[in-house]
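K.L.:
For reference, the sequence and a predicted model appear below.
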Amino acid sequence: MISLRNINTIARYERRILFRSWFFRIFAILAILFIGLFCGSTFFNRNPFTWMFRSLPSAIVYSNFFLLNIIQSVIAVFLASDFIKRDKKLDTAEVLFIRPMSNFEYITGKTMGLLGVFVTLNLLLMVLTSVFIFISGQVPFRIMPFVAYFFMVSIPSLIFIIGLTFALMTLLRNQAITFIILLGYIALVLFYLAGKPGYVFDYMLFAMPVPFSDIVGFSNVQYILWHRMAYLLLGTGLILFSTAFLKRIPNKAANKAVVFLSTVLLIVVSAVGFANMIRQNKAVVENREVYSTLSSENFSKKVPLMKQATINVDIGEQLKAVSKMTLTNPFNQALDTLVFSINPAFNVEKITGDGHDLHFEKNALLVNVFLQKGLMPGKEINLEMHYSGIPDFDVSYLDNENEDVYGHDQVMTMRIDRQYGFYRGDYVLLTKENLWYPIPGVAYDPSKPAIFRQQFTNFDLSVKVKPGMLPVSQGQRQTTDSLVYRFDIRDPLPQLSLAVSDYEERKIDIDGIEVGIVFQKGHDYFSSHLSELGDTVKVLITEFLDDYERPIGMYYPYRTFTMVEAPVQFASRPHSWTSALAQSQPQMVFYPEWGFNVRQADFKSNYRMIKRDSDRNKEGLTEKEIQARVFTNFLNGMLAEESADMPFGPPGTSTSSNPYSIYPNYYYYVNYITSEECPVLNYAFESYLMKGEDDPRQIFMSRAMGLGNNERANLMLREKSLKQIIAEEDDQQKINNVLQVKGSYLLTWIEKQINDSNFDQFLLDYLYNNSYREIKYSELESELSQRFNIKMGDFLTNWYNESELPAFGLGNFEVREIVENSQAYFVVTTKVTNYSPVDGLVKFSFQMGGGGRRGGFFGGGMEEEAEERTFLIEGNQTKELQMVLFDSPRSVIFNTLLSQNIPVSSMEWGLRSEKDENGKAEEYERVVDQPVELALPGELIVDNTDPNFSVSDPSLENPIRKFIESRKTEEEEEFVRGEFGPPPTTWKKVANSEYFGKVEKSAMVVRSGDGSKTATWKTPIAEAGYYDIYVFLEEQRRFGRRGRRDPEGKFVYTVAHDDGVEKIELEIKDFEDGWNLLGSFYFSSDTAAVVLSDEGGADRVIADAVKWVLQR
Amino acid sequence: MDISIQDLTKIYPNGHKALKSVSLEISNGMFGLLGANGAGKSTLMRILVSLMSPTTGKVLVNGEDLRKNRKAIRTMTGYLPQDFSAFPKLRSWEFLDYSARLAGVKGKQKRRDAVEEMLEEVGLYEARERFANNLSGGMKRRLGIAQALIGDPKIIIVDEPTTGLDPDERIRFRNLLTKISARDVIIILSTHIVGDISSTCHHMALLRSGRLMYNGSPEALINQAKGNVWKIKASHEQFDEVNVKFNVISSIPSVGGWELEVVNESPKGFDAVPIEPNLEHAYVYYMEHYAEASLL
């Protein structure tokens, strides 16, 4: 018999000994302090970065357990190994060993003692966290996350690591070696193994995302349970193993055998657990392979058009549905087999056609329905499909890599897994991606990017739910009986989504659009922040829509718009044919629960910020006005932003589309243009019509971040054609970037060809008139040709297949104010040269409001529309351009769209006009002979891209450095981040429109050092004489609160001239934008050189261009 | 209570023979186990408390085989190892409480009484709240004996308990053992200090190089040495000679030379008078004569 009393006794005293060890005490105090500070700083500091902890109730719990778990693993290793060591060293153990307890009781007691100490610490930290939650009142208190993280994360991790330590100590009998091995193991897990597929090696749930949703809890409870059980059993097995090999004679020899057998049994059971996890992961990969292959094989099959579909769904233990489809054959030959896709886990029970049972075959996601007589061209058939099951979400995003689909998103310390749908008793969320209803044919071919099939169907949806549940879908919900809801959808839609939960709803009518928000009961955290608004909400939403729609020239096409709260794990992956993400469905947006990680949903801190600004600027905003701004910011930030910017991500992070954007409702869910030669055409239109104006903010950001997405796209397009990129590139986001650049170029080109300012309106009208149907490119082409008499010819084919890019040089701007007929005109003249043999377009966008008006941070006046001009510059051509504006331009953005230029767009600030009495206000573009030259006669300029420029870094000769550098993968970009990034340790290129350069405005940058790293500009001197030497520099601006202080340090130049060598130091605070004089020196005709070294104590040393000017 | 040790042999993995066919019968009272360092005493004791298994032979406690009834026998055993030290981070009373719980003393009050009684008995009551690492050497040893005695064990095995104790403490310690030995218990005391045994034990055994040399009462051992212990008055010149020829047990400087006690059957040629042997003399005599004979 096992004596609990003995176990308890040993546990009690072992615990006492551990509690009294300084090692543990220090660790515990540090942990409490750390977690306390962390909770305090997140809950009482309302900056945007703490919003994630102030929104999702479990976030702080997850984060605390995550940190605790890593630290306590290390501490547990130390304490556990110390424990066993004590037994070996002291005769103290012998006076215990001679006692009548069994070995099992002894080791179990020890384990319990050790565990007890950690459990106490865990409990303490949970109490601490709870206290913070209660005191701050920021998030509601939930007990479940505590329970879940404690039992699922903490305990199994501890038992496993204790078991492993005991077992290793028993085998090795050396604490130091055990400790080293285990620390190595932990490091290996943390840095390498944890993230392996299925997180099988991730014993402490370091890499495995386990966010606890307030709606659904853990997303994959079953898998997590397997995982935790496997480690718990393995840990227990290892503890028993050390019992079996404990250096103490057991009470009975038979006991040892029992313990040994139990050890083996536990380890075997845990191995079964691990095997099961591996099998599950493998099955997912294999299933997806099958789904992908089937999709690819069947994509090109001819499919009927689903004009009408009535879907009746019963959301019970499993989904039961009948889908009645009206199908037409749009082809001119009969269809014998009708192909559908449906969720592979669904069981299709019956299919009837016009009332008769039909023969069908289901293979994974495919259903082939065989028609005896075939469906004749133009004819209709009414097909009824009965099916049921719990959907398999692995069918989602077959066009994305598995590691992305099953990857996670990282929000500070939190890892969030990606779920693409939910089907559980208390929560359901389904999108077309999950194939929860049958669709004709296959939606896309996973092996061919950019190709997809879209059909617009008149859906009629009825949903039966369990009592207390509320379904949300497209259209207006009507109750037919207490549990059945019908959705009146009216407009044809390309896809349907459905969410069912214990939802609560608020809605208002705004000019015939029913705008609503649907959220989990008890999740209304926003009303109190908008309490003063009342009916003003309607006005604000109307204004928001007006502001959103004005620049794109389109109108919201539906009668409902709903924001629906979804679990934090709900995610999407990009498709290569649209920027729309699944969070944005027709007529609805799924927002993450509690507004998690959506900065604009943080009403509290936004309120505070606006109030602070209002107080500071003495605006005296009323409570209502502040709330109105908060609400407008929320709408703009959440629904109107194009991209979800991640300004603090690692370098090379591409910004992704804003998943909550309402833009898909304007184009992607309404229009569908197809072209066989150029399948990306639809996406090109989608991108173009979104038409984000050249945004000064993006130029500012790219200055800070190095390259922007446009530059990255252009760098890719320098090497490959669009077609090649689409075929070869794996990174979806990169493809999207390229498509946006190319799409924008295509439409700008057409617009330029037409040379008709009505092109935009024509296009919008055309698309409006052809909504909800497939538009073939040939139709559009003939329409363009009829209307504007232009021939697209093979432009589209070239656009798709060619890879050469133009390269532009831009001359200076001259602005003159000319008065004609008492009307003031502002005439801007400049020159552009295309240095390459291929044609290209350049676009100027003028921001108005010069004349000293001061704006906000980004120059203000963002709400004003920019004046734009586009010019075609043929290969090797120089044009002088003159543009006439009605207002004084403040700044201009020169956008080369698709070119070798880096940056793609550059901005010229502070344009100043001069009065011109005699000039004529006329627009023209003239071809001229003299290309744009940056050097005037008598000037010699060497830029960092010239062959006469070189850098040297002796530290690279160091073999270790050499090795490290050689190991760096190609992932690293050619360009590093600008001002906001850390300076590189060796010379790297950095792009910035403020730098000198003809086509590529860049410089070389390095962290300052001991003077060993140098940059050298050389030039042959043809004519002996005195030369002024200038270096091109950028004034060091400082932003933010710490502002005004002058930057420290200097740049140290060395000039070798005829009379010797001179060292010249330029203080950084004295830098001016552009050319800075170094001095005048005499050079005889030979090679002259200027050397910049990395000494001088600046944060970073920048080498751009040097100019020699002969004194006459 | 009786312990029967039958033909016990222990060979360590490195080949060292620590015990060679040792057979012994031990019954109630104090039993002394005497032998030089390395004689096999500790090995024997560790086998008796089940810390070690013998290579061959067996131990019967009240007729029960130790190997088959370890739990029962462990329940009735108290043990003080040679180098006892308590957990540094436990207080004296806590350590005793820990031992008492494991020894099977049930009931909080009963255990508290037992702990307090034991603390009083070993004179640690004043130091009951002190951590083990703050106890003096003697106190530690007393704590050691206290933990061995707590729970009223029937078999008490103490390994070299008096090493390092000052004379006062040693006497106290012996008295304590004697007091306990009056109860119905077996106390096995292993020592290399002859005085510990002569003053406490009625039975003893002598071990040398793993072999049992003697088993009987201390008196019988002393009797064997009678007539073989002499006091020699030696001049300074003779001192070295005596030391070479005889086994000298003690040497005290006296007027004009030395008074030496030697073990020898007849020390001829010196000014020798026979004296009454004590256990120490007997031990040396016995080791000299019988041991060598038995080793042959």
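P.N.:
Received it, and whenever you're ready, just let me know what you need.

K.L.:
residues from chain A in reach of chain B?
P.N.:
When proximity is defined as C-beta under 8 Å from any C-beta of the partner chain, chain A approaches chain B at A:5-6, A:9-10, A:13, A:16-17, A:20-21, A:86, A:90-92, A:94-102, A:248-252. Every C-beta, even on glycine, is put in place using the N, C-alpha and C of the backbone.

K.L.:
Start from the N-terminal end of chain B and give the helices.
P.N.:
Assigned by DSSP state H, chain B shows helices spanning B:41-48, B:70-75, B:92-103, B:108-121, B:137-149, B:167-181, B:194-198, B:218-225, B:236-245, B:279-286, B:292-295.

K.L.:
er, the stretch 351-500 of chain A actually
P.N.:
Along the stretch 351-500 of chain A, counting by DSSP state H, counting those that start in this stretch, helices occupy A:402-405.

K.L.:
ok, the residue in it that chain B sits nearest to to residue A:38 distance?
P.N.:
The stretch 351-500 of chain A approaches chain B most closely through residue A:413 (34.7 Å), counting by C-beta to the nearest C-beta. The spacing between residue A:413 and residue A:38, counted by C-beta to C-beta, to the nearest Å, is 9 Å.

K.L.:
Please apply the same query to residue A:896.
P.N.:
In terms of C-beta to C-beta, residue A:896 sits 47 Å off from residue A:38.

K.L.:
Between these two, which is the more surrounded one?
P.N.:
Higher neighbour count among residue A:896 and residue A:38: residue A:896, with 28 against 18, using other C-beta atoms under 10 Å in any protein chain shown.

K.L.:
close enough to count as contact, that one and residue A:832?
P.N.:
No - in this structure, residue A:896 is not within contact of residue A:832 by C-beta atoms under 8 Å, at 9.0 Å.

K.L.:
Mutual contacts of the two, please.
P.N.:
Taking C-beta atoms under 8 Å, 6 or more residues apart in numbering or on different chains as the contact criterion, the common neighbours of residue A:896 and residue A:832 are A:808, A:842.

K.L.:
Can you give the domain ranges for chain B?
P.N.:
Using automatic domain parsing, the domain ranges for chain B come out as B:1-76+B:154-163+B:179-214, B:83-153, B:223-295.

K.L.:
As JSON lines, those domains with mean pLDDT and mean neighbour count would be great.
P.N.:
Output for the domains of chain B, formatted as JSON lines (pLDDT from 0 to 100; neighbours: other C-beta atoms under 10 Å in any protein chain shown):
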{"stretch": "domain B:1-76+B:154-163+B:179-214", "mean pLDDT": "89", "mean neighbour count": "19"}
{"stretch": "domain B:83-153", "mean pLDDT": "89", "mean neighbour count": "19"}
{"stretch": "domain B:223-295", "mean pLDDT": "82", "mean neighbour count": "16"}
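
K.L.:
How about residue A:1019: what's its closest non-neighbour residue?
P.N.:
residue A:940 (4.7 Å; C-beta to C-beta, 6 or more residues apart in numbering or on different chains).

K.L.:
so that neighbour is in which element?
P.N.:
strand A:939-943 (DSSP states H and E).

K.L.:
and residue A:883, what are its bridge partners?
P.N.:
Taking DSSP bridges as the rule, residue A:883 bridges to residue A:828.

K.L.:
next one: residue A:462
P.N.:
Beta-bridge partners, per DSSP bridges, of residue A:462: residue A:312, residue A:486.

K.L.:
Then residue A:520?
P.N.:
For residue A:520, the beta-bridge partners under DSSP bridges are residue A:503.

K.L.:
Residue A:868 now?
P.N.:
residue A:845.

K.L.:
Give the helix, strand or coil label for the closest residue in space to residue A:357 that isn't next to it in sequence.
P.N.:
With sequence-adjacent residues excluded and distances taken as C-beta to C-beta, 6+ apart, residue A:357 is closest to residue A:350, at 6.8 Å. With DSSP: H, G, I helix; E, B strand; the rest coil as the basis, residue A:350 sits in strand.

K.L.:
pLDDT wise, what is residue A:350 at?
P.N.:
Residue A:350 is assigned 95 on the pLDDT scale.

K.L.:
Now that it has come up, it's in contact with residue A:356, right?
P.N.:
No - between residue A:350 and residue A:356 there is no contact under C-beta under 8 Å: 11.1 Å.

K.L.:
Between those two, which is the more surrounded one?
P.N.:
residue A:350 (12 against 8).

K.L.:
so who does residue A:383 touch?
P.N.:
By C-beta under 8 Å, 6+ apart, residue A:383 lies in contact with A:324, A:325, A:326, A:327, A:338, A:351, A:352, A:353, A:358, A:369.

K.L.:
partner residues bridging it?
P.N.:
Bridge pairing for residue A:383 - DSSP bridges - gives residue A:325, residue A:353.

K.L.:
In JSON lines, list the helices of chain B along with distance to chain A.
P.N.:
Conversion of the helices of chain B to JSON lines gives the following (distance: least, C-beta to the nearest C-beta, whole Å):
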{"stretch": "helix B:41-48", "distance to chain A": "8"}
{"stretch": "helix B:70-75", "distance to chain A": "4"}
{"stretch": "helix B:92-103", "distance to chain A": "4"}
{"stretch": "helix B:108-121", "distance to chain A": "11"}
{"stretch": "helix B:137-149", "distance to chain A": "6"}
{"stretch": "helix B:167-181", "distance to chain A": "17"}
{"stretch": "helix B:194-198", "distance to chain A": "20"}
{"stretch": "helix B:218-225", "distance to chain A": "28"}
{"stretch": "helix B:236-245", "distance to chain A": "38"}
{"stretch": "helix B:279-286", "distance to chain A": "27"}
{"stretch": "helix B:292-295", "distance to chain A": "31"}
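
K.L.:
What distance do you get for the most far-flung residue of chain A relative to its centre to residue B:71?
P.N.:
What lies farthest from the middle of chain A is residue A:98; by C-alpha atoms, centre = their mean that is 63.0 Å. For residue A:98, the distance to residue B:71 equals 11 Å [C-beta to C-beta].
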